[in-house]
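Visitor: next one to model:
(3 chains)
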Amino acid sequence: MIIYGEILIWLVPVIAALLSPIIAHISRKLTHAVSITSMGISMIIAFTMLVDLIRGKVSYYPGNEVLGVIPFSRTMTWIPLKHIIGVDIKFGVLFDPLSIFMANVVAFVSFWIFIFSVGYMDKEPDIGRYWFLMNLFVSSMLLLVLSSNLLEMFITWEMVGLCSWALISFWYKSRAPSPDPRFKTEGEYNAHCGLKALLTTSFADAFFLVAIAIVGYVTMLSMGEPTFDFIALSENLSWINELVRLGILPIFSIMLLSGPLGKSAQFPYQEWLPEAMAGPTTVSALIHAATMVKAGAYFVGRFYVLIYEGVHLYNQTLPAGIDVFFLIAAYIGTFTAFLAGTQGMVAKELKKILAYSTISQLGYIFAAFGIAGLLMYQEAFLAGSLHILAHAVFKALLFLCAGAILHTVHTKYVYEMGGLKKYMPVTFYTMLIGALSLSGVPPFAGFFSKDAIIHVAFQNPKTQVLFIVLVITAIITVFYSFRMIGLVFYGEESDHIKKLASEHELHDAPLVMKVSLIALALVTIIAGIFFEPLQEILEGRIIDSSDLAASIGEYLYHTFISPLLPLTIAVILIGFLPAYYVFIARKADPARIVEGNIILRGIYRFLINRWYFNAMYYKIIDGVRGFSNQLRKIQTGLANVNILYMLIALLTALILLILM
Amino acid sequence: MQIPFDLIIELGLIIGIFTSAIYVAEARPISRAVGGFILFSVLVAILYLYLGAPYLAGSQIAIYTGAVTGLLLLAMSITKPELPEEKADLKMLLGLLGVGVTAFIVAWVVLYGYPYSPGITSDAITSVLSRVSEVEKGLEIALSNYLWNYRGIDILIQGVLVIGIAAGLSHFFKREVKKE
Amino acid sequence: MTSLPIQVYFALSISLLAVGFYILSVKRNILRIILAIELMITGANMAFVILGYWIGNGVVDPLIRSIVIISMGIASIVAALAIAFVILIFNKFGTRDIRKLRKLRW
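Guide: Residues are numbered from 1 along each chain as shown, chains lettered A, B, ... in the order given. Coordinates of the predicted model:
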């Protein structure tokens, strides 16, 4: 790692964020350049960290000063509150396989998204605001994955949420007609979507904060002073026994899981993510691939590592009962994967299909981490972590392709597209690679990781139910991926496309967009080969370069020889054939098939209404709003009445004082 | 029997101050209330003078009867129409009642104390005031402790910086999209 | 020493506060409300002066004098600002009635 890399990695984007609104007044190109440079620096620093990880110890490059052996953390006292709440609030960076791996994923994917932004936001007048928020977003995510304690992580966690709110409702001034009849303009709709994301995640985070406070309390009981540090929590697992003794472990688990579930849009908080498509597509790509939703999955992985290292590195006994946390995570993840996959089958907007697939794939990651913690099974953890990487890359790719398409065709409904293959060849082939990876076709990155997840679910008799649901979801995934490809690129051109083609408006993405599309597509293709060394890195082993090729070969051999390979192929075929028949070859009209069959029609209506969860949530919110509307009559806005309230409060206080 | 001049003057001042305050509250039109306020300030100044604080009396006269009243008259002349003043209604009576009750309780608490405090007796005041200097010293130490050892000054500077940055940024973000 | 007990003066200052509160809670003319604020500040100042008189044994304590002078200065600034607001409000809304200013409600 270069000198002071652990600070520079997140500080450089922050500085770029602060500078960009000012520079935007001088020159647009300079703003782009500053942001991309800052992200590039972050990426390089993250990469040097990875090199350190491979060598097993962290050192500064000029001078070769060895900082420590992984895992360790470098902390400083941030807010000294020892005399007040009994613990100083620390600020620090954790060097740990998972955190450095995540930092690399975040920095790498964000870098390409930033490059894509130059082309995508070329006509945006508010470019300063855009870069300010994007840089801040990525830097808070980098700090989140690198933070060394729960409180610091929570602060960055909320910063990520805040930036996502501002970015989702980025086009809040838009005067175009709203896609939702409840709002007057598109700007209002966008603002509503951003607020929905913020409210949902904050609601979930409230429980998360309570759980963090409980951690402080039980560590105070068991260790004598409250601690939030990941390594300290890992070194001494007695605080979990304390939770068991108090009998609050199940409720604590639910609360602690609530935050990640909200951030990662898992059931029951899944409804904010489809609406988060209102922002610019680069923002969606960033939210889905690198920053926002990965935070939740990262935390579950972090919690698993905490327990696992406590058992295997620091020789603690495995506390009984902690598997309830992972049990909930695994089941909710699996259920959400299925839930969102079914909704993705019928979605009408291009970006919403991708949004549902994100929720679904995150469900896979949650299931993997859940199985890992349930059985203390390292394979499952590695599968989940690699799926984070694979998903980040191919989902960024898919979103950027979607961005390139939307940039050209100016509509977001897939039924208004079609036949785009000959107009946008580069976009088509890169998106096809993304879709193949998403559906788990060998040899793309998604195949290895998803196969590994299904494999670990299959191997253990406890998780057979999860295995069945995950396989069904895999079929659904293949179906909607190729439905999307077929509707966008194959078949008849719609009227809208014909009109654009006659005006010579249709063209492939500009060069700067193509560059990042091709780069991400290449990574998607070759990433699978590097999964073996990545697994070793994640396990904290020091890589021996001499037999690297042999071990990669062995890994590939094992993957392809696995008993599940026929199953994988069957899954792909079962999903692909109907999608090919209906949407690519266009042999049948999907609308007629659905209308003709009463059962299909019922299912279609059920799915298009998103299992009625969204409507139900709005009902609840309306109830709360009705109550609040009654309550707000107290606030008259008259200064006189406010003074009278003050008087009443004073009177009450005095009476209490006398009666006490 | 000697006539208690002091007592008469003090009582007269107190009653005068109170009455003029009531007059400020109830006089209409508002210009008369301002007149009442002048009277009130002068009476308070005389009270200060009587208590042996001539500079305070001077300031009182200068600031209240001078500056504030002048500004009030200016505002009255700029903002033209006289409001139709409200008549006494139930709401006003309720307000009066509430304020009266509260004031009574406040006075009771301050003067006669509540279970944990003896109220303002001469002993209490002397004992409190004898501790004042001590407390002040302690406060000073606490303040400097807070500012320097507990980074209060950092937080203040951070606050100023954040506000400045926020103001600057909000200025930058204020730029409107050009309407087509 | 005053011939009246100190409690009477405290009662006076509390009653000034009460009158101010009364005006704030029922009157609608902004100028009268400014007057009420000044009345209340004077009441508070008076309590200070009485205390200072008590410790100073017949002369008001210098520390308390300075505090009261600062307080008076601030009161005058508050009044000046408030009057500026009154003029602005009058220019913008054409009224001096605070019951018509309900913008703080949403």
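Visitor: where does chain B dip in pLDDT?
Guide: B:1, B:80-92, B:109-111, B:113-156, B:159, B:164, B:166-180 (pLDDT under 70).
Visitor: repeat that with 90
Guide: B:1-12, B:22, B:25-35, B:47-180 (pLDDT under 90).
Visitor: show me what residue of it gets nearest to chain C.
Guide: Minimum separation of chain B from chain C (Cβ to the nearest Cβ) falls at B:Ala103, amounting to 3.3 Å. Every residue, glycine included, has its C-beta placed from N, CA and C.
Visitor: burial check on that residue, number of neighbours?
Guide: B:Ala103 sits with 19 neighbouring residues when counted by other Cβ atoms under 10 Å in any protein chain shown.
Visitor: list phi and psi for it.
Guide: Backbone torsions for B:Ala103, taken as degrees, to the nearest 10, come to phi -60, psi -40.
Visitor: now it. Nearest residue, chain neighbours left out?
Guide: C:Ala18 (3.3 Å; Cβ to Cβ, 6 or more residues apart in numbering or on different chains).
Visitor: close enough to count as contact, the one you found and B:Gly100?
Guide: Yes: counting by Cβ atoms under 8 Å, B:Gly100 is a contact partner of C:Ala18 at 6.8 Å.
Visitor: more crowded one of those two?
Guide: Between C:Ala18 and B:Gly100, C:Ala18 has the larger neighbour count (other Cβ under 10 Å), namely 24 against 14.
Visitor: name the helices or strands packed onto the helix or strand harbouring the more buried one?
Guide: Counting by DSSP states H and E, the element that carries C:Ala18 is helix C:6-26. Under the contact criterion of 3 or more Cβ pairs under 8 Å, 6 or more residues apart in numbering or on different chains; DSSP states H and E, helix C:6-26 touches helix A:639-659, helix B:5-26, helix B:90-112, helix C:30-56.
Visitor: among those, which is nearest A:Val87?
Guide: helix A:639-659 (33.0 Å; Cβ to Cβ).
Visitor: got the CA coordinates for the closest one in CSV?
Guide: In CSV, the C-alpha atoms belonging to helix A:639-659 read as follows (Å, rounded to 0.1, in the frame of the first residue of the first chain):
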residue,chain,number,x,y,z
ALA,A,639,-47.5,32.8,17.3
ASN,A,640,-50.0,33.4,20.1
VAL,A,641,-51.0,29.8,20.3
ASN,A,642,-47.4,28.7,20.4
ILE,A,643,-46.8,31.0,23.3
LEU,A,644,-49.7,29.4,25.1
TYR,A,645,-48.2,26.0,24.5
MET,A,646,-45.0,27.3,26.1
LEU,A,647,-47.0,28.5,29.0
ILE,A,648,-48.7,25.1,29.4
ALA,A,649,-45.3,23.3,29.3
LEU,A,650,-43.9,25.8,31.9
LEU,A,651,-47.0,25.2,34.1
THR,A,652,-46.7,21.4,33.9
ALA,A,653,-43.0,21.6,34.8
LEU,A,654,-43.7,23.8,37.8
ILE,A,655,-46.5,21.6,39.0
LEU,A,656,-44.3,18.6,38.7
LEU,A,657,-41.6,20.5,40.6
ILE,A,658,-43.9,21.2,43.4
LEU,A,659,-45.5,17.8,43.6
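Visitor: quick one, phi/psi of C:Asp97?
Guide: According to degrees, to the nearest 10, C:Asp97 has phi -100, psi 120.
Visitor: dig out what it forms beta bridges with.
Guide: Beta bridges link C:Asp97 to C:Asn29 when assigned by DSSP bridges.
Visitor: tally of neighbours for it?
Guide: Neighbour number of C:Asp97 under other Cβ under 10 Å is 14.
Visitor: domain ranges for chain B?
Guide: B:1-85, B:86-120, B:130-180 (automatic domain parsing).
Visitor: next up, phi/psi of the spatially closest residue to A:Pro80 that is not a sequence neighbour, please.
Guide: Counting by Cβ to Cβ, 6+ apart, the nearest residue to A:Pro80 once its immediate chain neighbours are dropped is A:Asp88, at 4.9 Å. Dihedral pair for A:Asp88: phi -80, psi 140, per degrees, to the nearest 10.
Visitor: so which bits of the longest helix along chain A are buried?
Guide: Counting residues, the longest helix in chain A under DSSP state H turns out to be helix A:186-223. Using 16 or more other Cβ atoms under 10 Å in any protein chain shown as the test for burial, helix A:186-223 gives A:186-194, A:196-198, A:200-202, A:204-205, A:207-212, A:214-220, A:222-223.
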